[in-house]
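A.B. asks: Have a look at this prediction, sequence included:
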Amino acid sequence: GAGVSQSPSNKVTEKGKDVELRCDPISGHTALYWYRQSLGQGLEFLIYFQGNSAPDKSGLPSDRFSAERTGGSVSTLTIQRTQQEDSAVYLCASSPLAGGDTQYFGPGTRLTVL
Amino acid sequence: KQEVTQIPAALSVPEGENLVLNCSFTDSAIYNLQWFRQDPGKGLTSLLLIQSSQREQTSGRLNASLDKSSGRSTLYIAASQPGDSATYLCAVRLNTGTASKLTFGTGTRLQVTL
């Protein structure tokens, strides 16, 4: 496909379980971003990958959150020991270059922690 | 810390009206500003991107302006249509080195009625 894809589209888990969310960016895009959209709180930045540089993890809310990007393409966001406050829509975006270019967003993964 | 505010939070207009959405940001040292629309249950679609050196951008019935010194941007929608109903988000990227993360406003939910 031509756009950013994310899987799963919906995930329901029990408190304390680990979850993995996947993002496939647009082919050839070097920059990849993860954001979280919580009800009533808007979108917040989580982490940013650019090529082979060290990722910008400044937005990760706790050490239960981690992300990796393998081979400069697919990225996985992992949340360990999930809590109810982790419930949100997790959005991934990619752009062809760092900085000024438009970010293209995927449809998101809706995570519900019971 | 950059803060982005959008007014109004919600807006309902009859079809055919012209309307203006407002976005303000506290740190004027931005690299660019982007307007997105988000449809329920879907990701974000980029509408317009304005670089810090630009004053406005136009795409079809949409016109976005930027006044960096006063920390404001407006999105003008001409001859609104029911299909314009969505949440509109503005986002700024700070001009700080390689930091490419976007800071989002909380959005304006627009409903265009028949």
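C.D. replies: Looks like it arrived, so ask away. Remember, it's a predicted structure, so these values are computed and weren't measured experimentally.

A.B. asks: Only C-alpha atoms from now on, for both contacts and neighbour counts.
C.D. replies: Noted.

A.B. asks: Just the terminal-to-terminal distance for stretch A:40-57.
C.D. replies: Start-to-end span of stretch A:40-57 (Cα to Cα, to the nearest Å) is 23 Å.

A.B. asks: for stretch B:78-90, same thing?
C.D. replies: End to end - Cα to Cα - stretch B:78-90 spans 18 Å.

A.B. asks: How about chain B: which residue is closest to chain A?
C.D. replies: Per Cα to the nearest Cα, residue B:43 is where chain B lies closest to chain A, at 4.0 Å.

A.B. asks: How about that residue: what's its closest non-neighbour residue?
C.D. replies: In space, and not counting its chain neighbours, residue B:43 is closest to residue A:107: 4.0 Å by Cα to Cα, 6 or more residues apart in numbering or on different chains.

A.B. asks: Identify the residue nearest residue B:13 in space, chain neighbours excluded?
C.D. replies: Spatially, and ignoring its direct neighbours in sequence, residue B:13 is nearest to residue B:112 (5.1 Å; Cα to Cα, 6+ apart).

A.B. asks: distance of the one you found from residue B:43?
C.D. replies: On the measure of Cα to Cα, residue B:112 and residue B:43 end up 20 Å apart.

A.B. asks: who touches the spatially most central residue of chain A in this structure?
C.D. replies: With distances taken as Cα atoms, centre = their mean, the residue of chain A nearest its centroid is residue A:34 (3.3 Å). Going by Cα atoms under 8 Å, 6 or more residues apart in numbering or on different chains, residue A:34 touches A:45-48, A:90-93.

A.B. asks: Recalculate using a threshold of 10 Å.
C.D. replies: If a contact means Cα atoms under 10 Å, 6 or more residues apart in numbering or on different chains, then residue A:34 has A:23, A:44-49, A:57, A:59-60, A:67, A:75-77, A:90-94, A:105, A:108, B:101 as its contacts.

A.B. asks: Give me the three-state assignment for residue A:68.
C.D. replies: strand (DSSP: H, G, I helix; E, B strand; the rest coil).

A.B. asks: doesn't residue A:79 make contact with it?
C.D. replies: No - assessed by Cα atoms under 10 Å, residue A:68 is found out of contact with residue A:79, at 11.9 Å.

A.B. asks: quick one, which of the two is more surrounded?
C.D. replies: The neighbour count for residue A:68 versus residue A:79, taken as other Cα atoms under 10 Å in any protein chain shown, is higher for residue A:79 (20 against 16).

A.B. asks: ok so, going back, how about the residue nearest to the residue nearest to the centre of chain A when sequence neighbours are not counted, what does it touch?
C.D. replies: Spatially, and ignoring its direct neighbours in sequence, residue A:34 is nearest to residue A:92 (4.6 Å; Cα to Cα, 6+ apart). Contact partners of residue A:92, counting by Cα under 10 Å, 6+ apart, are A:4-6, A:21-25, A:32-36, A:46-48, A:75, A:77, A:103-109, B:43-44.

A.B. asks: So the residue in chain A positioned nearest to chain B versus residue B:15, what's the distance?
C.D. replies: The nearest approach of chain A to chain B comes at residue A:107, 4.0 Å away (Cα to the nearest Cα). Distance check for residue A:107 against residue B:15: by Cα to Cα, it reads 28 Å.

A.B. asks: I'd like to know how far the residue of chain A closest to chain B sits from residue B:44.
C.D. replies: With Cα to Cα as the criterion, residue A:107 and residue B:44 are 7 Å apart.

A.B. asks: The residue of chain A closest to chain B contacts residue A:9, doesn't it?
C.D. replies: Yes - between residue A:107 and residue A:9 there is a contact under Cα under 10 Å: 7.7 Å.
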